[in-house]
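build me a structure from this.
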Amino acid sequence: MKKCSLVISIFFTLLVNSSFAKIILPVDISKNEVDIYTSGNVFVKQISFIPTDHKISAGEQYGGIFNGVDISQYMPELTNNPNALWIVANRKNSHIVAQWVNSTLAGLGKAWVGSNALVAWEKGTNLLPSELNFAVRGDLILFLGNNSHDAEQYICPDVIFGQGSSGTSNNWWVFANSKELNKGNQGFLGFHCTNLVSDKMYRVTIMKTNSGIVNTFVITNKSLIAT
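Presented below is the predicted three-dimensional model:
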């Protein structure tokens, strides 16, 4: 019954954020794209997100988070990309957003990946952002498989995406729902995600790309967590 209720909850939440719901956004609000692609032996067919909370700098507009398929139907200028999330929010960095993220993570031993995270791992420090433009917390939905035809749905609860700034560009952070962090030069996080077909827990590893593209992460592996 718990699994059935979860699936029903996800269905109706996605329905509200899907093409059945009309997206009405202020014309002067920024659209911010973050992508998750395939790397290694895992095929990422599509991603989505069910928000539970967010924080934005004082006085700035926030319009929600949408997957790349749905938002493109109402904004043709945005590419129809199943591997994209769009956070509709104006950009102004502030300590208050970073403090919100850090207080959410405090005492939980949670991990992170960010534009400066590899530097932090190499130095062995616990670097967290001091300022962010905005952050969104919720459940990350992944459609993963060995190829494009056998993808199954996974739900990764309590994930945070945040955008900061570095010089003249914006950088991205993702905060994971586990304590698993590899601190090597090829550092990665281990998301704990439930397969909604088998109801089993999997470890899904995610890392930054080496291409220098600040808004792109890649999933490199998934493995069953022994119970």
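
from now on I want contacts and neighbour counts done on CA atoms only, so please keep to that.
OK.

at which residues are the helices of this protein located?
Ranges of helices within the chain are 2-16, 68-74, 95-105, 117-123, based on DSSP state H.

what average pLDDT does the third one get?
Model confidence over helix 95-105 averages 89 on the pLDDT scale.

so what's the spatially most central residue of the chain up against?
Residue closest to the mean C-alpha point of the chain, counted by C-alpha atoms, centre = their mean, is Phe161 at 4.8 Å. Shown in contact with Phe161 (C-alpha atoms under 8 Å, 6 or more residues apart in numbering): Ala135, Val136, Arg137, Trp172, Trp173, Val174, Phe175.

so the second one versus Tyr202, what's the distance?
When distance is defined by C-alpha to C-alpha, to the nearest Å, Val136 is 23 Å away from Tyr202.

the two: who's more crowded?
A direct count of neighbours by other C-alpha atoms under 10 Å for Val136 and Tyr202 places Val136 higher, at 24 against 20.

return the set of residues that bridge with the more buried one.
When bridges are taken as DSSP bridges, the partners of Val136 come out as His54, Phe161.

make sure it is actually in contact with Lys55.
Yes. Counting by C-alpha atoms under 8 Å, Lys55 is a contact partner of Val136 at 6.6 Å.

residue boundaries of the strands in the chain?
For the chain, the strands defined by DSSP state E occupy 31-38, 43-56, 62-67, 84-89, 112-114, 134-145, 152-166, 169-175, 181-182, 188-195, 201-208, 216-224.

worst average pLDDT in those strands?
strand 181-182 (a mean of 64).

what is the neighbour count of the spatially closest residue to Asn67 that is not a sequence neighbour?
In space, and not counting its chain neighbours, Asn67 is closest to Leu85: 4.6 Å by C-alpha to C-alpha, 6 or more residues apart in numbering. By the criterion of other C-alpha under 10 Å, Leu85 has 25 neighbours.

ok, now which ones touch Leu85?
For Leu85, the contacting residues are Glu33, Val34, Asp35, Ile47, Ser48, Phe49, Ile65, Phe66, Asn67, Gly68, by C-alpha under 8 Å, 6+ apart.
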